[in-house]
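Chemist: Quick one, what's the 3D model for this:
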Amino acid sequence: MQQQGAHNHISFFWQRAVIKVGSALISPGGDGCKTASLLALAQFVNDSRAAGKEVILVSSGAVAAGKNAFTLQREPSLSEKQAMAAVGQTRMMANWARLFDQPTAQILLTHGDIRSRDHYLNIKGTIRELLAHGMLPVVNENDSVATDELKFGDNDNLAALVALVAEADTLLICTDVDGLYDADPRSVPTARLLKRVEKIDAQVMALGGGAVSGVGTGGMQTKLQAARKAAHNGIQTIIANGFKSQTFMQLAQGDVPGTLFVPPLSRTSAKKNWLMHSLRAKGRIIIDQGAAEALAHKGASLLPVGVVKVEGAFDAGEAVEIVQGDNILATGLCQYNAHTLAQISGLNSQQVEQKLGYSSYAVAVHRDDLVLF
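Modeler: Numbers count the residues shown, from 1 in each chain. Here you go, the predicted structure:
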């Protein structure tokens, strides 16, 4: 672990980031949406997108944003919190939409959506298309219908899962503290900020405390859990103070303003390891020479038109081997189940729609979901 010091200048690079914004930034005091604390962050996002970078927001604060619409003199019940979230969602999205140069798009999730294979693929495809069309996805926990998901630290961990689904290289957690310290700075005046953490072990996890702001549901412990999830998937994490405009000035210059958690492997290496060694192929897709050349030399996705034969029984989202002749060319995650892919093998996109009777995935295996041997 590297502590703050005069010569601890740490740089980082990124292309696609998930930025998690806490309730304390969106609704200081828990009494509706405010924009003052978000202006510097919004400018950073606008400038980054103008520079060709991609951003996905994970936004907490739906309950806090809708709370002042209700006149309660006591702690709200779960159903009342859900009603507050329903009001707060629209307020929060309207607040975000005012701050950005490009259209925003709302995605409401629960952890059940991430766990479901079909939902996972749909979420991944939606985020991929939104980014391709220059939109800014804004993701939030679906608090108006969630039950046990409305609990401590959920959106920190959700942000890490979104970073995985979106195949981001960076997770930026904006909070109301400067980063991770070697002791609690509220009670230890000599506590020092850790600028770089290369391994999130038990010693590091022990440095996490409880909730600080009183507005959000997460504390440093859940941010460390999120950083650990991200690191396992080759995603770097920065925990920084979102209330300070200097934070976003440093980020824009490629400098780390808080604590950088460095993953042991790059995102590409981590995904290759996962695809090659962790997943057992459930079937085989035999492809033609043209498809093989497109995969090997053009960085293309595998289209149904290039499929000659389907072997084995697999569901959508499961791993398959991609074979041409006697050679295994790649392993990837198939968008279709074996039966459906066999039905549409050799067909172009228009023929696929006619065959199935509905519009479906344009590709059988997306280039982001395969690793070539």
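
Chemist: use CA for all of it now, contacts and neighbours both
Modeler: OK.

Chemist: residues contacting V262?
Modeler: Going by Cα atoms under 8 Å, 6 or more residues apart in numbering, V262 touches 196-199, 231, 235-237.

Chemist: Please read the previous query as pertaining to G66.
Modeler: Neighbouring residues of G66 by Cα under 8 Å, 6+ apart: 31-32, 84-89, 91.

Chemist: Which pLDDT does the model give it?
Modeler: Per-residue pLDDT puts G66 at 83.

Chemist: Which element, helix or strand, includes it?
Modeler: Here G66, judged by DSSP states H and E, is contained in helix 62-66.

Chemist: and the following helix or strand past that helix, what does it pack onto?
Modeler: Note on helix 62-66: by DSSP H and E, the next helix or strand toward the C-terminus is helix 78-99. Helices and strands touching helix 78-99, by 3 or more Cα pairs under 8 Å, 6 or more residues apart in numbering; DSSP states H and E, are helix 62-66, strand 104-109.

Chemist: Could you report the neighbour count for the closest residue in space to G208 that isn't next to it in sequence?
Modeler: Once flanking residues are discounted, G208 sits nearest to Q221: 4.3 Å by Cα to Cα, 6 or more residues apart in numbering. Neighbour count for Q221, taken as other Cα atoms under 10 Å: 19.

Chemist: circling back: output the contacts of G66 in CSV; the columns should cover distance to K20, pLDDT and neighbour count.
Modeler: Listed next are those as CSV, based on distance: Cα to Cα, whole Å; pLDDT from 0 to 100; neighbours: other Cα atoms under 10 Å:
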residue, distance to K20, pLDDT, neighbour count
D31, 20, 67, 16
G32, 18, 70, 20
M84, 21, 86, 23
A85, 18, 85, 25
A86, 20, 88, 19
V87, 21, 89, 21
G88, 17, 85, 25
Q89, 16, 88, 26
R91, 18, 88, 18
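
Chemist: could you dump those to JSON lines with distance to Q246?
Modeler: Below are the contacts of G66 laid out as JSON lines (distance: Cα to Cα, whole Å):
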{"residue": "D31", "distance to Q246": "26"}
{"residue": "G32", "distance to Q246": "25"}
{"residue": "M84", "distance to Q246": "33"}
{"residue": "A85", "distance to Q246": "31"}
{"residue": "A86", "distance to Q246": "33"}
{"residue": "V87", "distance to Q246": "32"}
{"residue": "G88", "distance to Q246": "29"}
{"residue": "Q89", "distance to Q246": "29"}
{"residue": "R91", "distance to Q246": "27"}
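
Chemist: May I ask which two of those are separated the most?
Modeler: By the measure Cα to Cα, D31 and A86 form the most distant pair in the contacts of G66, at 15.0 Å.

Chemist: hey, C-alpha coordinates of the helix holding G66 in PDB?
Modeler: The C-alpha trace of helix 62-66 is given here as PDB (Å, rounded to 0.1, in the frame of the first residue of the first chain):
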ATOM      1  CA  ALA A  62     -33.900   7.700  -5.400                       C
ATOM      2  CA  VAL A  63     -35.300   7.400  -1.900                       C
ATOM      3  CA  ALA A  64     -33.600  10.600  -0.700                       C
ATOM      4  CA  ALA A  65     -34.700  12.500  -3.900                       C
ATOM      5  CA  GLY A  66     -38.300  11.700  -3.200                       C
END
